[in-house]
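J.: I'd like to go over a predicted model; first the sequence, then the structure.
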Amino acid sequence: MKKTKIIIVFLIILFLSLSTYLFFITTSKPFQQENMTIFNNANNFYQQKEYNKSILLYKLLINKGITNADIYYNLANSYYKNKQFAEALVNYKNAEILAPRNADIKANIKFIIDQYTNNDEAIKPTYQTILFWYHYLNLEELIKLTIITSLLVCSIGVIYIFYKHVLTSSLFYIGIIILITLFLSTFIKIYKNYNYSEGIITKNSGLLKSGNNESFSTLGNLVLGDEVKILEKKGNWYKIKLNNDKKGWANKHYVSLIDAHM
């Protein structure tokens, strides 16, 4: 029984430590008054149909490190009104990372894919429904859920140490399974956010090269609006993988990244 108590105390300390780490990495820059003024000015330019000006201000906020789904969504709307459909798609995709359940964002993505690109809309795999917490929560929401669950499981563990009952025992071990699943999901999402990149071809006349400069042979043309996976970054070039699994190098000038992070 003493060994069981030691294990429970160890798990409580471990879960609290991991939760503390997650709490600190999820802190984002506050939407201060200065930034709110810029945001409101951008919205005013949008209402006045001065889309180039609204684009500049929304991008200014993003370059300042402000992570907000509304900024990306409004930026995407500005690009769409400006008839820059590929750039609009990039920023709707960025907005979707931060607000994965937003129906308007999903509808706009589908509309642009259907109307202005050669991409087929991806069919939602079954595992996305099964692992709903991973695919329907953004990173910040998943971290908060993990922290709350951790505190709840730790509380049950403390109760179990002083009040041994089949119910508290069952709740504690079920909670551990759920919590381990959430921790794994959270760290996988963090890893993917910062180590896997996707992008969209946003400019015409780009060429797919066999190496990372213009002197290499041409493998094909880059198609405006095509979604690509970024495999490697070297200087001003990305090694990319196209939807048809073809690989090559593209100049950064032709590719915009889907890279919104918490």
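T.: Arrived safely.

J.: What is the subsequent helix or strand relative to the helix or strand of the chain with the lowest mean pLDDT?
T.: Lowest on mean pLDDT, DSSP states H and E among the helices and strands of the chain sits helix 126-130, with a mean of 64. On the C-terminal side of helix 126-130, the closest following helix or strand by DSSP states H and E is helix 132-136.

J.: What residues sit buried inside that following helix?
T.: 133-135 (16 or more other CB atoms under 10 Å). Yep, even glycine has a C-beta here, placed from its N, CA and C like the rest.

J.: Please convert these to JSON lines, extending it with pLDDT and distance to residue 156.
T.: Formatted as JSON lines, the buried residues of helix 132-136 follow (pLDDT from 0 to 100; distance: CB to CB, whole Å):
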{"residue": "133", "pLDDT": "82", "distance to residue 156": "20"}
{"residue": "134", "pLDDT": "86", "distance to residue 156": "24"}
{"residue": "135", "pLDDT": "85", "distance to residue 156": "28"}
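
J.: What's the per-residue pLDDT of the spatially most central residue of the chain here?
T.: The residue lying closest to the centre of the chain (CA atoms, centre = their mean) is residue 97, at 3.7 Å. Per-residue pLDDT puts residue 97 at 92.

J.: now the one 3 residues further on
T.: Model confidence at residue 100, expressed as pLDDT, equals 93.

J.: Now for it: which residues touch it?
T.: Taking CB atoms under 8 Å, 6 or more residues apart in numbering, we find residue 100 in contact with 135-138.

J.: and it, what helix or strand is that in?
T.: Take DSSP H and E as the rule and residue 100 turns out to sit in neither a helix nor a strand.

J.: Which neighbouring elements make contact with the helix or strand hosting residue 62?
T.: In this structure, residue 62 sits in helix 51-63 according to DSSP H and E. Where contact means 3 or more CB pairs under 8 Å, 6 or more residues apart in numbering; DSSP states H and E, helix 51-63 is packed against helix 33-47, helix 69-81.
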